[in-house]
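# build me a model from this:
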Amino acid sequence: MHWFRWSLRACLPLAFLCGCWTATAQTSEHSEAEWQVKAAYLFKISGYVEWPPAAFKSAESPLQIGVLDADELAYYLSGIVAGRTTQGRSVNVLKLKRGDSLTGLGILFIGRSDAGQLAQILSTIKGQPTLIVTDMDEGLTLGSMVNFVLVDGKVRFELAPKTATLSNLMISSQLFAVAHRVVQNPS
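Numbers count the residues shown, from 1 in each chain. Model (predicted):
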């Protein structure tokens, strides 16, 4: 696992900026490499989002990332964030199951299996400053703010910055330059 963390630290900035990470596309299941790339992207994206001060109990409060229905992503993300910070905050990864509280999350990743449940989940956290990240078809149209997609076998992401502003979040324009697609009005 040590080599994995070292290689991520060495390669992530370059890979993130040029979008050159490749993952094998599979029809019904994600590959291990795809989960690793999505976990790395998710952590990196957290550095380009601005939360309102009221989103945290104190200046020392960690950024809470909840992962729902994507245990593999939670596993790799936990390894990536161990001992690291983003925007001066430590990061906690919470592996969630349906029915768990979604209060206090800075980021919520919702796995592909929850596409039908997304509207219900979003109504639960409406008005909270939570960045919603998905990897499902039409994720942005369904209310996601960041959606992972495979393009020519590469993991890329789409952004819906106006949807994020409705939750008092600001996505840095620097992220727009590396996004596969930026959708201003996804619905």
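# looking at the protein, which strand is longest?
strand 89-96 (DSSP state E).
# and the next helix or strand past it?
Of the helices and strands lying after strand 89-96 in sequence (DSSP states H and E), the nearest is strand 107-110.
# off-centre distance for that next one?
Taking CA atoms, centre = their mean, to the nearest Å, one finds the center of strand 107-110 at 6 Å from the center of the full chain.
# buried residues in the longest strand of the chain?
Along strand 89-96, these residues count as buried under the neighbour rule (16 or more other CB atoms under 10 Å): 89, 91, 93-96. To be clear about C-beta, it is placed using only N, CA and C from the backbone, and glycine gets the same treatment.
# tell me the one of those residues nearest residue 155?
Proximity to residue 155 was ranked across those by CB to CB; first place goes to residue 93, at 18.7 Å.
# identify the residue spatially nearest to that closest one, adjacent ones excluded.
residue 78 (4.6 Å; CB to CB, 6 or more residues apart in numbering).
# for that neighbour, grab phi and psi.
With angles defined as degrees, to the nearest 10, residue 78 sits at phi -60, psi -40.
# which pLDDT does the model give it?
pLDDT recorded at residue 78 is 98.
# you'd agree residue 145 is up against residue 159?
Yes: in terms of CB atoms under 8 Å, residue 145 counts as a neighbour of residue 159; the distance is 7.1 Å.
# grab the most central residue of this structure for me.
residue 42 (3.9 Å; CA atoms, centre = their mean).
# does residue 51 touch residue 128 like I think?
No: between residue 51 and residue 128 there is no contact under CB under 8 Å: 10.4 Å.
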